[in-house]
Each structure stands twice: as structure tokens, then as C-alpha cells.
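Chemist: I'll drop the sequence and a predicted model, then ask my questions.
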Amino acid sequence: MKKSAAKSSPAKAKPAAAKNLPGKGRKALITGITGQDGSYLAEFLIAKGYDVHGIIRRSSSFNTGRIDHIYLDPHVKGGRLKLHYGDLCDANNLAKLVRETQPDEVYNLGAQSHVRVSFDMPVYTAETVAMGALKLLEAVRVFQAESGKQVRYYQASSSEQYGKVLEVPQTEKTPFYPRSPYACAKLMAHWATVNYRESYGMHASCGILFNHESPRRGETFVTRKITRAVGRIKVGLQDKVFLGNLDSKRDWGFAGDYVKMMWMMLQQEKPDDYVVATGRTITVREFAQMAFDYAGLSWKKHVAFDPRYLRPAEVDLLLGDPAKAKRKLGWKPETSVEQLAAMMVEHDLELARREKTLRDAGHSMPDFAGHDQ
Ligand code: NAP
Ligand code: GDD
């Protein structure tokens with residue numbers, strides 16, 4: 001096995017005092033803080049000295065696993081992360097939270113973000129992704145009008161909006177052609193953000209982010225599904241991983257690189273929309289091969305096809321051109337897809353080893369049956 005390229009989750013640490021940090025005194029409100037991007041963004045902003053307010057959904061089981069390491073008990077002094085219950089479907093709650101937290105920056109990352117699941121739950125997906133963004137924009141607009149305070153707003157737009165691509169590579173000017181309920185909903189949220197900017201002069205920007213992954217990626221997205229399987233196969237906990245379309249191509253980057261760009265967009269004098277991508281695309285098959293190779297396994301032996309993972313309409317090719325982000329903001333991705341695959345496999349090998357130890361000690365561990373996508 002090759003040498004580790006892992007950038008694993010940090011251990012729980014007390015955040016540095018905000019004194020002398022550039023973001024000191026600034027407040028950010030994040031929807032989707034318990035998700036992959038929300039956790040990296042919260043870490044990034046806290047390190048800059050921000051006070052971060054995150055909206056979490058009430059759940060019967062804990063859903064804060066990705067941010068537990070940056071959360072301090074409210075009874076301990078010095079915590080700069082505050083969590084509030086809320087939901088993108090609840091307009092009153094969003095308006096109340098914006099009013100109470102009085103943020104300088106709002107990052108709308110919350111979403112039913114799984115494309116395949118959006119075909120099963122199109123209405124709920126539209127409620128959270130499209131109407132949720134509109135409700136939040138409206139909450140920010142009213143708060144600004146009433147308080148006179150300017151709030152900068154970030155919308156998590158998606159390369160999925162390009163769908164059946166009309167141009168390769170895709171830029172900020174490439175027309176959209178959505179291919180899923182998720183993408184249709186993201187398109188509405190995207191244009192609502194542009195519309196609020198143009199209609200009300202709001203500092204509202206869309207980051208059109210291409211696929212980005214990490215060891216914190218949800219386990220039903222294809223890269224993580226693959227790297228989780230690699231880890232478990234390597235230690236003998238499973239033998240096969242079942243996948244759908246291996247031919248689709250994605251421009252995969254590292255989530256940690258991409259959240260920096262979200263913040264950079266809101267530091268500009270003028271709001272604008274930006275493509276955030278690596279400029280390189282590979283197939284799902286190539287990613288699988290990369291991940292299995294890294295662990296010294298043969299992907300052909302362990303990857304099997306299951307049509308249940310095919311989608312009613314597929315997005316065949318995504319390749320972003322991040323030239324505007326580089327030219328105007330000086331942003332560029334720092335992690336190659338090879339480094340990304342290595343980082344994820346390293347992490348998931350460790351996870352599988354721990355799982356194996358527990359199983360060998362007689363603990364019953366769940367399989368992934370409930371997460372079948
Ligand atoms: P993710 O890991 O699936 O996280 C989604 C977050 O949204 C979670 O915190 C989830 O809460 C929350 N959420 C779901 N439904 C909600 C609701 N009704 N009200 C409030 N919060 C809700 O997604 P991600 O990968 O971090 O992506 C962040 C954002 O970027 C999403 O909007 C996604 O659509 C968009 N995006 C992602 C990519 C990518 O490749 N990752 C690319 C382009 C755009 P729970 O933890 O409770 O489920
Ligand atoms: N999830 C999944 N599971 N996808 C599979 C599988 C499988 O077993 N087998 C093949 N794929 C293919 C899908 O058909 C798709 O072409 C590709 O792998 C990537 O699928 P996902 O990882 O689920 O991501 P996505 O591209 O559909 O959507 C992600 O990226 C978007 C940005 O382009 C999500 O993060 C979206 O929220 C995001 O907007």
C-alpha cells in the first residue's frame with residue numbers, strides 16, 4: 001500500500017481565542033451545518049475568528065457527528081459554535097433565527113442533496129431545495145429592510161444544473177438543462193438568488209460547485225460508497241460492492257478546498273456567481289479502479305452491477321472550467337483526484353479496522369442495508 005495522504009478529521013480541540021483573528025466580531029449563519037460541507041465551512045470560519053450559528057434538524061438519533069469535534073458544551077466558556085433547531089421547510093423559524101442571530105453572512109447549504117433519492121421524493125426535495133432557499137432569501141431580505149444591516153448570502157448551486165450538458169467544459173455562461181427533480185429545484189434556488197440580487201440589490205452569490213468529496217462524504221454518494229467498500233473488503237468484512245452506471249464522468253474535488261471559495265465569494269465587494277471545479281473529469285469506473293488499486297485490490301473482482309442504482313435520467317459528463325474563480329478571486333483547487341481517493345481510502349481502511357475489532361470482540365455491528373443507494 002502507498003504512503004498515507006490522509007487529512008483525517010481533527011480530534012476535539014478547544015478553538016483558538018478569536019482575538020486578533022480577521023473574522024473576529026463577524027457572525028455567520030449556516031444551514032446544513034451537519035452535512036459534509038457545513039462541517040468543513042464551520043471549521044474554516046471558526047479558525048478565522050467568526051461566531052458560527054448552525055441550523056440543525058431535530059432528529060430522533062444524533063446527527064451532529066461531523067461537527068462534534070468543534071462543538072463546546074454551552075457551559076464551557078469560549079465556544080464559538082452555536083446550534084439552533086430549525087428546518088428549511090419552516091419559514092417562520094428561519095425568519096426568527098435570522099432576526100435573533102443577526103448574521104453578517106448566511107450560507108445556505110441545507111438540502112435533500114441526493115440526486116437518486118430526489119426521484120423518489122421530488123416534492124420534498126423541491127420543498128427543501130427550492131422553497132427552502134426562497135424562504136431563507138425572504139427572511140434575509142426582510143431582516144435587512146427592518147434592521148438596515150447588510151447580510152451577504154451564499155447559495156449552494158450545483159453542477160447538476162447543467163444536466164444534459166450543452167457545452168464542454170461548463171462555465172458560468174453555459175445554459176442549464178436539469179435532469180432530475182434535485183437539479184430542477186436547485187435551478188429555482190439559483191435563479192431566485194440571482195433575482196433577489198437584481199431586484200433588491202442583495203449581496204447574494206451562487207457557487208456552482210462541481211462534485212466534491214472527502215472522508216466526511218455521505219456514504220451513499222458513489223465515491224464514499226466505493227471507499228467504504230474498499231476498506232471493508234480489505235479487512236474481510238464484505239466481498240462485493242454493487243454499483244450502477246460506471247460510465248458517467250464527474251469533475252471531483254476535495255470539499256475542504258471548496259468551502260474556502262464559498263467564503264471568498266462573500267468577501268468580494270460585489271456579489272457574483274462562480275464555477276468551482278478542478279477542470280479534470282474521470283469516469284466512476286476510473287475512480288473505483290483508483291481506490292481499489294490504492295488498497296492493493298482488484299476492482300474487477302469486487303465491483304458488481306446492480307440496475308437499481310441507475311437513474312431515470314442520467315447526467316453523463318460534468319467538467320467545470322474554474323477560470324473565473326482563478327482570475328477574479330485567485331482561487332484554485334489544491335487536491336488532485338488521486339490524493340482525494342487516497343485520503344478517503346486511508347480514512348475508510350481505519351474505520352473498517354475498528355469495525356472488525358469490534359465484531360471480533362463479539363459486538364453486533366449493522367450492515368448498510370438502510371443506506372442502500
Ligand atoms: P449533505 O452532506 O447531504 O448535507 C446536507 C445538509 O442539509 C445536512 O446538514 C442536512 O441535515 C441538511 N438538511 C437536509 N434537509 C434539510 C431541511 N429540510 N432543513 C434543514 N436542513 C436540511 O450535502 P453536502 O455535500 O454537504 O452539500 C452541501 C450543499 O451543497 C447542498 O445544498 C448540496 O445540494 C450542494 N452541493 C453539493 C455538492 C457536492 O458535491 N457535495 C456539489 C454541488 C452542490 P441532516 O444532517 O440532518 O440530514
Ligand atoms: N450514488 C450512487 N450510487 N451513484 C452511482 C452508483 C451508486 O451505486 N453507481 C454509479 N453511480 C453514478 C451515478 O449514476 C452518477 O452518475 C455518479 O455515480 C455520481 O453519483 P453521486 O455520487 O450520487 O453524485 P451526483 O453526481 O449524482 O450528485 C452529487 O454531485 C452534485 C454536483 O454535481 C451530489 O453531491 C449533489 O448534491 C451535487 O449537487
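Modeler: Yep, that arrived. Ligands and ions are numbered 1, 2, ... in the order given.

Chemist: the stretch 201-350 of the chain: helices as residue ranges?
Modeler: Counting by DSSP state H, counting those that start in this stretch, the segments of the stretch 201-350 of the chain that form helices are 222-234, 255-266, 284-294, 299-302, 323-329, 337-360.

Chemist: between the ones you listed, which gets nearest to ligand 1?
Modeler: Nearest of these to ligand 1, taken as CB to the nearest ligand atom: helix 255-266 at 6.4 Å. (C-beta placed from N, C-alpha, C; glycine too.)

Chemist: neighbours of Pro306, just the number please.
Modeler: Actually, residue 306 is Asp rather than Pro. 12 (other CB atoms under 10 Å).

Chemist: also Leu358?
Modeler: Counted with other CB under 10 Å, the neighbours of Leu358 add up to 12.

Chemist: deepest in the core, which of the helices of the stretch 201-350 of the chain is it.
Modeler: helix 222-234 (a mean of 24; mean count of other CB atoms under 10 Å).

Chemist: okay, the angle between it and helix 284-294?
Modeler: 30 degrees (axes from the mean of the first three to the mean of the last three CA atoms, to 10 degrees).

Chemist: re the thing from before, got TSV for the helices of the stretch 201-350 of the chain, with mean pLDDT too?
Modeler: Output for these, formatted as TSV (pLDDT from 0 to 100):
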stretch	mean pLDDT
helix 222-234	98
helix 255-266	98
helix 284-294	98
helix 299-302	98
helix 323-329	98
helix 337-360	97
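
Chemist: between these, which one is nearest to Leu317?
Modeler: helix 284-294 (11.7 Å; CB to CB).

Chemist: with just CA atoms, put the closest one into PDB.
Modeler: The C-alpha trace of helix 284-294 is given here as PDB (Å, rounded to 0.1, in the frame of the first residue of the first chain):
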ATOM      1  CA  VAL A 284     -16.900   6.300 -12.000                       C
ATOM      2  CA  ARG A 285     -15.100   3.200 -13.200                       C
ATOM      3  CA  GLU A 286     -11.700   5.100 -13.100                       C
ATOM      4  CA  PHE A 287     -12.400   6.400  -9.600                       C
ATOM      5  CA  ALA A 288     -13.200   2.800  -8.500                       C
ATOM      6  CA  GLN A 289     -10.000   1.500 -10.100                       C
ATOM      7  CA  MET A 290      -8.000   4.200  -8.400                       C
ATOM      8  CA  ALA A 291      -9.500   3.500  -4.900                       C
ATOM      9  CA  PHE A 292      -9.100  -0.300  -5.200                       C
ATOM     10  CA  ASP A 293      -5.600   0.000  -6.600                       C
ATOM     11  CA  TYR A 294      -4.600   2.200  -3.700                       C
END
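
Chemist: quick check: angle from it to helix 337-360?
Modeler: 60 degrees.

Chemist: hmm, helix 284-294 in reach of ligand 2?
Modeler: Yes: interface with ligand 2: helix 284-294 contributes Val284 (CB under 6 Å from any ligand atom).

Chemist: and that helix with ligand 1, contact?
Modeler: No: using CB under 6 Å from any ligand atom, helix 284-294 stays clear of ligand 1, with a minimum separation of 13.3 Å.

Chemist: where's Lys24 relative to ligand 1, distance?
Modeler: 26 Å (CB to the nearest ligand atom, to the nearest Å).

Chemist: what does that residue show for phi and psi?
Modeler: The phi and psi values for Lys24, taken as degrees, to the nearest 10, are phi -60, psi 130.
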